[in-house]
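Participant: Sequence first, predicted model second:
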Amino acid sequence: MDTLQQKAAEPRGLGTLDVRPGFLGKLSDNTLSALRALALNWLRSTLTMTGIVIGVMSIVTLVAILQGVKAEIARQVEGLGANLVIILPSKLDENGQVNPAAMIGISSLSEKDVEALRRVPGVEKISPISIVAGTVERSDGKVADAFVVATNKDGVVMNPTRLVEGRYFEDTEQNVCILCDKPRRELFPNGPAVGKTVRVQKKEWKVVGVLGKPDDDGTMGAQMMGLSTLVYLPIHTVRRELPGGQVNRIVLKTDYQHPADDMIASLHNALFASHGGREDFGVLTQKKGLALVIKLLNMAQSLLVLIAAISLFVAGVGIMNIMLVTVTERTREIGIRKTVGARRADIFQQFLTEAIILSIIGGGIGLLLSQILCALIARFSLLTPHITTGAVLMAMAVCVGVGVLFGVTPAVRAARLDPIEALRYE
């Protein structure tokens, strides 16, 4: 019997069971035995893992592509002022859109609202904006296509367009202005604009700065007032020297550390209290405009993950079928092991370990191929896939789950074999 036990413990082509005390010993034996069995039957193992490899590669690559798309959208929007909020003197409709008809006439906004919003935690900069009627022209009468607004320094700084000439004006300065790209090109096409003067409502304003051309004129600010056509005047001077001024907009910049939903709720509550319980105002953010896009991307991601999960399920069925065939091929080996003292639990653990290792190796290969594929996509296309830790952990968890789910049936079948009948099997 001792000789038989020693022979049974020697390395075999189909794997061995080395009886060691303790959980770690058994796990090590089962793992080594599974690796030897899979290596000796490498072609069958490779074909079995193909489904897992394709499934994992599909899940990780598709999720990485969509994560890259969402990251690129977030990056572009952040560069254009994603944390900017515009307060409007009219309530938004049910779709979050501006009602132009409700914005004609006397504005419901005031300096009282500005002070109320300034006290909201998380508001970094705030600027009242008044629309100034009239044209912008040179001293010789040349008129520019421009939209004139009065604001404070923060209002100009919050414009995501960079300063290309001069400087920003200070709130205490008088009769100065800042031109954006279009009026600057129309009024002073042949030289610097800083130091020149323009006229608005028959008053002269000295140009102290010029903003460049916006990278993308599709931002929220551009949609509301046209970033490239703006001319900024200091609001304190306008209120003193030009009649009929009122607060037509309030623009503020919020801190990213504050959750967006909580911040919007706080702004809404502050305005609601300032207006005596009347909701005659609107809070417009770029996040609302992007909500539908992000929702559609998430839906697409869920659909693609579902499709890839189906392929993993099919791969799991393949693993189960191959492992059932393996049990049949190794019936005599199982009988010898039971004869020399292996328990049902030992046989069950070994075959289950083989199925799990098969899934994990397939998952690892799938991850490697996914990284290569993502690198190729980033190199030869406009997409920039981003493989996240969550996607990797999800894929590996699914692999282990597939191994356990579809490895149980073959393992149970192997564990239930009668040792006497197994020894007679040819």
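Facilitator: Noted; the coordinates are in hand. Numbering: from 1, shown residues only.
Participant: okay, CA-based contacts and neighbour counts for the rest of this
Facilitator: Will do.
Participant: Would you state the helices of the stretch 301-426 of the chain in chain order?
Facilitator: 331-339, 344-380, 389-415, 419-424 (DSSP state H, counting those that start in this stretch).
Participant: same check, this time on the stretch 51-200 of the chain
Facilitator: 111-118, 153-157, 181-187.
Participant: Can you say which of those is nearest to Lys125?
Facilitator: Nearest of these to Lys125, taken as CA to CA: helix 153-157 at 6.3 Å.
Participant: helices or strands next to the closest one in the packing?
Facilitator: strand 123-131 (3 or more CA pairs under 8 Å, 6 or more residues apart in numbering; DSSP states H and E).
Participant: Now do the strand it packs on, average pLDDT.
Facilitator: In this model, strand 123-131 has a mean pLDDT of 90.
Participant: Please state the backbone phi and psi of the nearest residue to Leu38 once chain neighbours are set aside?
Facilitator: In this structure, Leu38 finds its nearest non-sequential neighbour in Ser45, 5.8 Å apart by CA to CA, 6 or more residues apart in numbering. The phi/psi pair for Ser45 (degrees, to the nearest 10) reads phi -60, psi -40.
Participant: before we move on, back to that, can you tell me which of the helices of the stretch 51-200 of the chain is nearest to Phe147?
Facilitator: helix 181-187 (9.0 Å).
Participant: now what about the closest one, what contacts it?
Facilitator: With contact meaning CA atoms under 8 Å, 6 or more residues apart in numbering, helix 181-187 is reached by 137-138, 142-146, 193, 210-213, 228-231.
Participant: Show me which of these is closest to Lys202.
Facilitator: The closest of the contacts of helix 181-187, once distances to Lys202 are taken by CA to CA, is Glu137, at 9.4 Å.
Participant: can you count the residues close to that closest one?
Facilitator: 22 (other CA atoms under 10 Å).
Participant: so who does it touch?
Facilitator: Glu137 neighbours (CA under 8 Å, 6+ apart): 143-144, 187, 198-200.
Participant: What residues does the residue nearest to Leu38 make contact with?
Facilitator: Counting by CA under 8 Å, 6+ apart, Ser45 has contacts 38-39, 358.
Participant: What separation do you get for the residue nearest to Gly134 when sequence neighbours are not counted and Arg138?
Facilitator: Spatial nearest neighbour of Gly134, chain neighbours left out: Gln201 (5.8 Å); criterion: CA to CA, 6+ apart. Between Gln201 and Arg138 the computed distance is 12 Å (CA to CA, to the nearest Å).
Participant: what do you get for Asp171?
Facilitator: 24 Å.
Participant: what's the answer for Arg185, then?
Facilitator: Distance, Arg185 to Arg138, by CA to CA: 12 Å.
Participant: Mind picking out the helix or strand in the chain with the poorest mean pLDDT?
Facilitator: Least confident helix or strand, the chain: helix 2-9 with a mean of 40, by mean pLDDT, DSSP states H and E.
Participant: Run through the strands of this protein in chain order.
Facilitator: 84-88, 123-131, 136-137, 143-144, 147-151, 163-166, 176-179, 197-200, 203-211, 230-234, 249-254, 282-285 (DSSP state E).
Participant: what pairs with the fourth one, and is each one parallel or antiparallel?
Facilitator: Looking at strand 143-144 with DSSP bridges, its paired strands and their directions are strand 136-137 (antiparallel).
Participant: how far out from the middle of the chain is the partner strand?
Facilitator: Relative to its parent chain, strand 136-137 has a centroid offset of 44 Å by CA atoms, centre = their mean, to the nearest Å.
Participant: do stretch 131-138 as well
Facilitator: 42 Å.
Participant: now do stretch 143-159
Facilitator: Counting by CA atoms, centre = their mean, stretch 143-159 comes out at 33 Å from the chain centroid.
Participant: And that stretch, end to end?
Facilitator: OK, stretch 143-159 end separation, CA to CA: 24 Å.
Participant: now it: mean pLDDT?
Facilitator: On average, stretch 143-159 scores 90.
Participant: buried set for it?
Facilitator: 143-144, 146-156, 158-159 (16 or more other CA atoms under 10 Å).
Participant: Just the CA trace of stretch 270-279, in PDB.
Facilitator: Extracted as PDB, the C-alpha positions of stretch 270-279 are listed here (Å, rounded to 0.1, in the frame of the first residue of the first chain):
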ATOM      1  CA  ALA A 270     -31.000  81.100  -1.700                       C
ATOM      2  CA  LEU A 271     -32.800  82.600  -4.700                       C
ATOM      3  CA  PHE A 272     -36.200  81.300  -3.600                       C
ATOM      4  CA  ALA A 273     -35.800  83.000  -0.300                       C
ATOM      5  CA  SER A 274     -34.400  86.200  -1.900                       C
ATOM      6  CA  HIS A 275     -37.500  86.400  -4.200                       C
ATOM      7  CA  GLY A 276     -40.000  85.900  -1.300                       C
ATOM      8  CA  GLY A 277     -41.000  82.400  -2.300                       C
ATOM      9  CA  ARG A 278     -41.500  83.200  -6.100                       C
ATOM     10  CA  GLU A 279     -39.700  81.000  -8.600                       C
END
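Participant: For Ile59, list the residues it contacts.
Facilitator: Contacts of Ile59 (CA under 8 Å, 6+ apart): 304-305, 308-309, 391, 395.
Participant: Nearest to Cys177, out of these: which one, please.
Facilitator: Using CA to CA, the contacts of Ile59 come closest to Cys177 at Ala391, 51.1 Å.
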